[in-house]
Structures are given as C-alpha cells and as structure tokens.
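**Q** Any chance you could fold what I've pasted below:
(one chain, ligands or ions: 1)
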Amino acid sequence: MLDDVSITIADSLSGESLSTAHSKATIPSYASSFDEANNISELPAPLREPLSAKYKHSFAYATFKERVPKILLDLIDSLQKQEDRIIEKYGSYAHFELRRIIWSLNILRNEVLENKPFKYFYDKTPDSLEWNSFIKHLTNRERNQWFSAQWLHAECYLYRRIWRAFQRSELLKDFDYFGQKKICSARNLVYLFRAVLKGVSKLKRSRKDFVTMLKLSLWANRCDLSITSDSPSDQILHTLKQYNKHLLVDQSIEVYRLLTRDLHSSVTPAMVDIILDNAGFELFADLLLGAYLIDTRLAVRVRYHVKAIPYYVSDVTANDFNWMLNFLLNSEIPEFAHLGRKLRYFMKHDIFALYETCKFWTRPEGFRCMRQLAPCLYVQLSFSALAIFKGDLNYRKLLDDINWNSTTPFPDCLGGFLPTSLCALRCIKSDLYCGMPNCLVDLLMLDNPKWMCTGEKAVIQLAFKKRP
Ligand SMILES: O=P(O)(O)OC[C@@]1(O)O[C@H](CO)[C@@H](O)[C@@H]1O
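**A** Here you go, the predicted structure:
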C-alpha cells in the first residue's frame with residue numbers, strides 16, 4: 001500500500017531489510033552479542049508453547065529486532081512531518097507536547113532495542129491498574145522483557161505504550177497518530193472500491209455469491225499497514241478463483257449452511273458479529289459483506305467491533321469506522337453516495353451497529369480469557385448466530401498465540417472460547433496455524449520455508465457451536 005513503513009515479513013525474516021540503526025556490516029557481531037546477552041535460542045519454537053521473540057528464527061524475533069524499531073521511527077518521522085498541521089489544529093502549545101511525545105517514543109524504541117523490562121503505567125486511564133497487575137504477573141514469571149515475553153503480550157504492550165505517550169499530553173490525547181496513513185490508504189484505493197462495488201452490485205442470495213463476498217472480505221485482509229505494502233488489484237473479484245489455490249482450508253460452504261439451515265434456531269433474529277481488523281479497503285469489504293448479509297436476509301443485524309486505541313498501525317477504531325461512512329456518504333461518486341445513504345439507514349435503524357468500544361480487544365490476553373475479563377462482551381457474542389474474526393492478529397488471539405501442531409483441529413485450539421459459532425477469515429502472516437490437512441505444512445515448507453509469513457496463503461475456518 002502507500003506504506004513506507006512496510007517491509008514484508010519474508011524480507012525481514014531473511015534479514016534483507018534490517019533496520020536503519022546499523023549498517024549491514026556491523027549487524028552480525030551486534031546481533032550475536034545481543035543474542036548471547038539475552039538468551040536468544042537458535043532452536044525452533046517448541047510445539048504447544050506460546051510464541052516468543054526469544055527464538056531467533058521466529059517472526060516474533062524479527063518483529064522486535066527490525067519491524068517495531070522501524071514502525072517507531074516511521075511514526076516519529078510522520079509526527080515531525082505533520083507538525084505544522086498539528087499546530088494549526090491544536091494550537092501552538094502542541095509543539096511542546098509533540099516534542100515530549102517524540103522524546104517518549106525514542107525512549108520506547110531504545111527500550112525495545114535494548115530488551116529492557118516492561119514499565120508500569122502511572123497514567124490515570126481506567127485500564128492502567130489491569131495492565132499493571134498483568135505486568136506484575138509477567139515480572140514474577142520473568143516474562144517481562146521484549147525478547148522473553150510471550151510475543152502477543154509484548155506486542156500488545158507496545159501499542160499501549162505508544163498510546164500512553166499521547167495520553168500524557170493535554171492537547172493530543174485524542175489524536176490518532178496512525179490516522180493519516182489509514183485515511184490516505186482509503187483515498188488512494190478509490191479506484192478499487194469503485195470496481196469492487198460495481199462487481200458486487202448484482203449479487204443475490206445464493207451459496208456461490210455468499211462465498212464470493214466472504215472471500216472478498218478474506219483477501220482484503222492481505223494488506224495491512226504494519227506489514228504488507230501491495231495493494232490489491234481492481235480485478236480482485238475476477239481473481240478470487242485463482243486465489244483458491246492459496247486457500248489452505250476453506251469452510252466457506254459450512255458457514256453458508258450455518259446461516260441458511262436454521263442451525264442457530266435458538267438465536268433469533270439471526271445476528272452476525274464482525275470483529276474488524278484493518279481500516280481502508282478491508283473495512284470497505286467488511287461493510288459490503290454486512291450489507292450483503294442484510295440485503296439477502298442471511299442476517300437481520302450486523303454488529304461491528306472496533307479497537308479502543310490506535311492499534312497495530314492500521315486497525316479500525318470508531319473514528320475510522322465513522323470516517324468511512326461519511327467518506328462514502330459525502331462522495332461525489334454517485335455509487336459511493338448511494339452506498340453511504342444505505343449504510344446510514346442501516347445505522348439509524350439499528351440494522352448495523354457499531355458495538356460500544358470495548359477495551360478487551362486491545363488487551364494482551366487471548367480470547368479464551370474473555371469470559372473472565374469481559375463477561376458482558378462474551379454474553380453479547382453468545383446472542384449472535386455467528387462471529388466473524390478478521391485477520392491475523394485476531395487469529396493469534398483465538399489461538400492464544402500458541403504454536404499448535406499444524407493438524408490440531410481449529411475448534412480444539414480455542415481453549416474453550418466458543419460464545420457462538422466462530423469463523424476466522426485469516427491471511428496467514430505469522431508463524432502459527434492449525435487445522436491443516438496432514439503433510440500440507442511439510443509440502444509448503446519445501447516450496448518456501450517462509451510461506452507462513454507472506455500473507456499469500458489464507459484460511460477460512462469454522463468452529464461450530466451446537467445450540468440446544
Ligand atoms: O491482523 P492483521 O492486520 O491481519 O495482521 C497483523 C500483523 O501484521 O501484525 C502481527 C505482527 O505484528 C502479525 O501477526 C500480523 O502479520
């Protein structure tokens with residue numbers, strides 16, 4: 001995409017795109033002394049254990065060694081570039097606040113590069129206490145550093161720390177520091193939105209058309225602003241068939257059956273929840289999927305779930321969601337404005353709902369902890385016929401970031417998390433997976449040992465909840 005942050009995962013694993021801080025010539029000795037000092041293991045991540053950057057050949061290691069320092073540098077750079085605009089909007093004092101924020105972000109970057117322990121939060125935001133008890137728990141288990149913690153914990157902590165840097169300011173508390181990237185990515189893809197909207201306009205209630213919509217939403221996850229940079233082609237609808245060869249598990253037809261055969265009869269009216277991932281084209285595709293479900297009466301209500309803070313660079317917040325609705329509504333392109341009016345109608349009549357922002361989605365724990373940590377959210381999801389989880393990060397949280405055996409069935413990896421039937425639409429961008437046919441992973445490895453990190457392969461997996 002427009003992204004100058006992006007390095008592909010495959011690149012970063014191969015060491016071709018190492019970060020700006022050190023020249024290539026100096027990397028090996030730095031890397032090895034760093035690895036030695038921080039007990040980095042050459043061994044593969046053990047099965048059934050959580051992923052962690054302590055395994056040198058993991059994507060988690062590449063994340064903290066290269067991607068995260070680069071994401072932070074790019075964020076600092078983009079704040080510096082936006083300074084005049086920010087001052088214009090928030091007043092001249094914002095200049096000083098911005099300086100302090102940049103200073104905090106530089107400290108954070110050094111903490112990652114030097115594998116420092118996680119710090120407690122002293123801000124007064126409501127979730128600080130929960131975070132602090134979580135960090136204390138990690139500290140007690142000596143899992144409180146970037147390269148010793150569970151990957152998921154450390155990465156979610158990173159985004160909470162970035163947010164904290166802004167919370168300590170008076171004027172820039174609500175400023176979305178990744179906002180400009182998200183908006184640009186949407187604006188740059190207008191040609192794609194238009195082609196896709198035209199292509200789906202005549203779809204009817206049928207198994208074939210449902211599968212098309214589900215796959216559109218799936219493949220729209222290929223690009224996110226923290227990793228991938230290629231934008232999808234405006235021919236995406238015509239190439240869905242060719243993409244099938246990259247679909248390693250495809251339960252789309254079972255998902256259709258679930259919605260059509262009254263299997264969720266105790267859940268009436270049929271409601272579908274979509275746990276969103278990325279803004280931009282992916283959000284657009286997810287809105288189209290929701291509209292298709294309503295238009296075809298496969299669902300009578302669709303609820304969208306967003307993140308409470310700017311997260312993993314391109315994740316959808318409530319602002320991004322509303323921005324997209326307004327962008328469509330106010331567009332000079334008649335088809336967009338028409339769609340915008342339709343979605344506004346859906347929102348007004350509660351056919352579409354933006355679910356109240358829930359902090360659970362940005363917590364570090366996997367979804368198996370939802371029942372305990374966010375019981376109301378769990379109960380609300382159980383009223384739904386189907387919950388669709390978009391993207392790689394949601395998938396990691398479903399699996400609790402555990403390095404499952406590749407053939408362990410998807411429902412067995414959820415740790416009992418099954419408020420309702422769950423469907424994962426995931427382009428594979430990290431080194432964990434499950435529910436694969438026998439030997440498939442071995443074959444993929446022979447072809448390309450980094451296959452799981454390219455975002456090229458994907459799965460549509462379903463965990464079915466039997467209703468009484
Ligand atoms: O959830 P998404 O947008 O599909 O992907 C998020 C992501 O880029 O971030 C994580 C690493 O930072 C990876 O698991 C994944 O590749």
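**Q** how about the residues of the stretch 351-468 of the chain that lie near the ligand?
**A** By the rule C-beta under 6 Å from any ligand atom, the part of the stretch 351-468 of the chain lying against the ligand is G391, D392, L393, R396, K429, S430. C-betas here are computed from N, CA, C, even on glycine.
**Q** Now do the residue of the stretch 1-150 of the chain at minimum distance from the ligand against N322, distance only.
**A** Distances between the stretch 1-150 of the chain and the ligand by C-beta to the nearest ligand atom are smallest at T63, namely 5.5 Å. Applying C-beta to C-beta, to the nearest Å, the value for T63 to N322 is 31 Å.
**Q** These two: which has the busier surroundings?
**A** Set T63 next to N322 and count neighbours by other C-beta atoms under 10 Å: T63 wins out with 25 against 13.
**Q** so the more buried one sits in a helix?
**A** Yes. The assignment for T63 by DSSP: H, G, I helix; E, B strand; the rest coil puts it in a helix.
**Q** Do you know the pLDDT at it?
**A** With respect to pLDDT, T63 scores 97.
**Q** cool, Q242 as well?
**A** The score at Q242 is 87. That number is its pLDDT.
**Q** pretty sure it belongs to a helix, no?
**A** Yes. Secondary structure assignment places Q242 in a helix (three-state DSSP).
**Q** Just the pLDDT for L328.
**A** The score at L328 is 98. That number is its pLDDT.
**Q** Can you list which of the residues of the stretch 351-468 of the chain next to the ligand are found in helices?
**A** Secondary structure from DSSP state H places G391, D392, L393, R396 of those in helices.
**Q** most neighbours, which of those residues?
**A** Going by other C-beta under 10 Å, G391 tops these with 26 neighbours.
**Q** contacting residues for it?
**A** Listed by C-beta atoms under 8 Å, 6 or more residues apart in numbering, the contact partners of G391 are N221, D224, D277, N278, E282, L425, R426, C427.
**Q** For those residues, could you give me CSV that also reports distance to L247, pLDDT and secondary structure?
**A** Formatted as CSV, the contacts of G391 follow (distance: C-beta to C-beta, whole Å; pLDDT from 0 to 100; DSSP: H, G, I helix; E, B strand; the rest coil):
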residue, distance to L247, pLDDT, secondary structure
N221, 12, 93, helix
D224, 19, 61, coil
D277, 18, 97, coil
N278, 19, 95, strand
E282, 17, 95, helix
L425, 11, 98, strand
R426, 11, 98, strand
C427, 10, 96, strand
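**Q** Need those residues in CSV (columns: neighbour count and distance to A45).
**A** As requested, the contacts of G391 are arranged in CSV below (neighbours: other C-beta atoms under 10 Å; distance: C-beta to C-beta, whole Å):
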residue, neighbour count, distance to A45
N221, 26, 24
D224, 27, 23
D277, 29, 24
N278, 30, 26
E282, 29, 28
L425, 30, 25
R426, 27, 19
C427, 26, 21
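**Q** and which of these is nearest R303?
**A** D277 (15.3 Å; C-beta to C-beta).
**Q** so what's that closest one closest to, chain neighbours aside?
**A** Closest residue to D277 apart from its sequence neighbours, by C-beta to C-beta, 6 or more residues apart in numbering: G391 at 3.2 Å.
**Q** quick one: pLDDT of the one you found?
**A** On pLDDT, G391 comes in at 97.
**Q** Residues of this structure that sit close to the ligand?
**A** Residues of the chain lying near the ligand (C-beta under 6 Å from any ligand atom): 63, 155, 221, 224, 226-227, 277-278, 312, 391-393, 396, 429-430.
**Q** now, which of the residues you listed sits nearest Y191?
**A** Y191 lies nearest to N278 out of the residues of the chain next to the ligand, by C-beta to C-beta, at 18.5 Å.
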